[in-house]
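>>> with the input below, show me the fold.
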Amino acid sequence: MTTSISDYIAALTHTDKAVVFFAGVLFVYILKRANHEIPLPPGPRPLPLVGNMFQIPQKDEWPIYEAWAKKYGPITYLTMLGTPMIVLNSLKVVRELMDERSNIYSNRPLMAMKELCNLDWVLTYISGDPHRVRRSTVQRYFSGPASVKHRYHQQEESRILVANLLNTPDALEDHIKQ
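Numbering: from 1, shown residues only. Predicted coordinates:
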């Protein structure tokens, strides 16, 4: 006589199934929590499963983040429902991590639509070295002082749009597409 796993599961009561389920969830939580290869920045102690969800302020965030910065330093680690979050509390740290070390953090997550629609060429989907090259090109020609060169054309197009809207206000979508 052989018994299968389904026979054992059928023999369990609802209470037994609930205990097995919560034991499995607790096991996964403990395993996930103990599996950090790299040390994480300090932060408020998370609750099991929900993390810091109830500690993250919904409004008037800055006093809480300022208190955390005084207690934990300029980099604070939080989790919300298993999703890690890093809060940077200092302009110096933001500049160091986002400007000076941007090559480490500038990679993009895998996007399914990019793969399905073959959108590797779209600027927002590019990552790595090609992203840095295109980003610097966009910065050079379209931001700060470089954008002044385009002001005349922008003003002309704005005048044309307003004139068209005065003539035919119902065709807004057509005018914007021009």
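>>> other residues contacting the longest helix seen in the chain?
Ranked by residue count and defined by DSSP state H, the top helix of the chain is helix 14-34. Applying CB atoms under 8 Å, 6 or more residues apart in numbering, the contact partners of helix 14-34 are 9, 12, 48-49, 82. Using the backbone N, CA and C atoms, a C-beta is placed for each residue, glycine as well.
>>> could you rerun that using 7 Å?
Here helix 14-34 makes contact (CB atoms under 7 Å, 6 or more residues apart in numbering) with 48-49.
>>> now that helix, how far from the centre of its chain.
Helix 14-34 sits 28 Å away from the centroid of its parent chain (CA atoms, centre = their mean, to the nearest Å).
>>> one more: stretch 167-178?
With CA atoms, centre = their mean as the basis, stretch 167-178 stands 35 Å off its chain's centre.
>>> list the buried residues in that stretch.
Residues His175 are the ones in stretch 167-178 that count as buried (16 or more other CB atoms under 10 Å).
>>> please enumerate the helices of the protein.
5-11, 14-34, 61-72, 91-95, 102-105, 112-117, 129-142, 151-167, 172-177.
>>> those helices: lowest mean pLDDT?
Among these, helix 102-105 carries the lowest mean pLDDT, a mean of 68.
>>> pretty sure Thr79 sits against Asn52.
Yes. In this structure, Thr79 is within contact of Asn52 by CB atoms under 7 Å, at 5.9 Å.
>>> between those two, which contacts overlap?
Contacts common to Thr79 and Asn52, judged by CB under 7 Å, 6+ apart, are Pro46.
>>> next, count neighbours for Pro130.
12 (other CB atoms under 10 Å).
>>> now Gln55
By other CB under 10 Å, the residues close to Gln55 number 16.
>>> ok, it touching Gly43?
No. Between Gln55 and Gly43 there is no contact under CB under 7 Å: 9.3 Å.
>>> who touches the closest residue to Asn164 other than its chain neighbours in this structure?
Closest residue to Asn164 apart from its sequence neighbours, by CB to CB, 6 or more residues apart in numbering: His175 at 4.4 Å. Contacts here follow CB under 7 Å, 6+ apart; on that basis His175 touches 161, 164-165.
>>> just the buried residues from those, in PyMOL please.
PyMOL command restricting those to the buried ones, with burial defined by 16+ other CB under 10 Å:
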select buried, resi 164
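>>> how about the contacts of His175 in JSON lines, adding distance to Ser143?
Below are these laid out as JSON lines (distance: CB to CB, whole Å):
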{"residue": "Leu161", "distance to Ser143": "23"}
{"residue": "Asn164", "distance to Ser143": "28"}
{"residue": "Leu165", "distance to Ser143": "28"}
